[in-house]
Structures are given as structure tokens and as C-alpha cells.
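Novice: only geometry, no sequence info:
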């Protein structure tokens, strides 16, 4: 294995759920070079990948698909915040989450739908009331301690929240 490929593999092992651009940035290697080495590592079975919310995330091979999805989603600051609130309250209504977190309801719904899509949360209907609860509380609690969003991920998340907030106020 070449030195560059080993660096890529080591970076992914140290940062499970890292996305492509972050690998290139962190290792200061060209996009084409990153593509080549990531493709080879995937082909050789040395890494796994999972697309979540339009981004491909890379993982060491020991993670299950549920763990991979949880890691990728918890790299988003807003998703982390909502998961913490859900873990604290066991279940909560989307409008209550939006109010507590001071986030636009549409943003909350988007993040919740991603958690639901990947089997990490579910909707609970009680008459006309719809609440959401996490389905993997132990896994999510454990990963909250291990996974931290990168600065670029935080900035994108905060910009999205700002835009949603401005759109909600003008509409």
C-alpha cells in the first residue's frame, strides 16, 4: 500500500464518517489523488462508504450501516442538538423541539426525517398528536461522545439554520 493510500486509510479510521472533501483538505492532497486512493481502498474492501443527505461518508469496515448513518448524521450540529433533546425527553413533538432549540420548524422536520429514514428515530402517533422518539438511544448516546462535527460542517449547518429562519420570518 502506498504511503498516500495509507494516510487516507488512517485518516478515515481516525475520523469515521468523514466526507470526501474533508479527506482532501485534512491531508492536503489533490481531489483526483483523493478519488483514486479512496476508490482503491473501497475496491480492496479496506473502507466502506455510505451516502447520507447528498454526501458520501467513509468508514472503517467494522461499522454496521446503522452505525454509519448515525455517525454521518451526528456530524451535523443541528441533528446532534435534536438528538440530545430527544434523549432528554424520550419523545417530543416537532413543534416543541423547534421552540426549545430556537430552530425553524422546517429545519427540525428535515433533520428528523433523516433520522427516521435511517431507522434512528420514529414517529409516534397518539390520537392527533405526533411525537418523535429515538429508536437507538444507547448507540446515539455513545456516538454523541465520540463524534464531533468539523468546523466546515458546523458553518454549513449554521448557515442553513440562518436561511431557514429568515425564510420563516418573511413567509
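Specialist: Looks like it came in fine. Source: prediction; values computed, not measured. Numbering: from 1, shown residues only.

Novice: residues in contact with the residue of the chain positioned farthest from its centre?
Specialist: Centroid-distance maximum for the chain: residue 127 at 31.2 Å, with C-alpha atoms, centre = their mean. Applying C-beta atoms under 8 Å, 6 or more residues apart in numbering to residue 127 gives no contacts. Glycine gets a C-beta too; all of them are placed from N, C-alpha and C.

Novice: what does the one 4 residues further on give?
Specialist: When the contact criterion is C-beta under 8 Å, 6+ apart, the partners of residue 131 are 91, 92, 93, 123, 124.

Novice: excluding its backbone neighbours, what's nearest the spatially most central residue of the chain?
Specialist: The C-alpha lying nearest the average C-alpha coordinate of the chain belongs to residue 73 (C-alpha atoms, centre = their mean; 1.6 Å). Nearest residue to residue 73, sequence neighbours excluded (C-beta to C-beta, 6 or more residues apart in numbering): residue 79, at 4.8 Å.

Novice: same deal with residue 82?
Specialist: residue 111 is the one closest to residue 82 (C-beta to C-beta, 6+ apart), at 5.4 Å.

Novice: could you point out which element follows the helix or strand hosting the one you found?
Specialist: Using DSSP states H and E, residue 111 maps to helix 105-117. Next along the chain after helix 105-117, taking DSSP H and E as the criterion, comes strand 121-126.

Novice: Of all the residues in whichever helix or strand comes after that next one, which ones are buried?
Specialist: Going down the chain from strand 121-126, the next helix or strand is strand 129-134, by DSSP H and E. Of the residues in strand 129-134, 131, 132, 134 count as buried by neighbour count, 16 or more other C-beta atoms under 10 Å.
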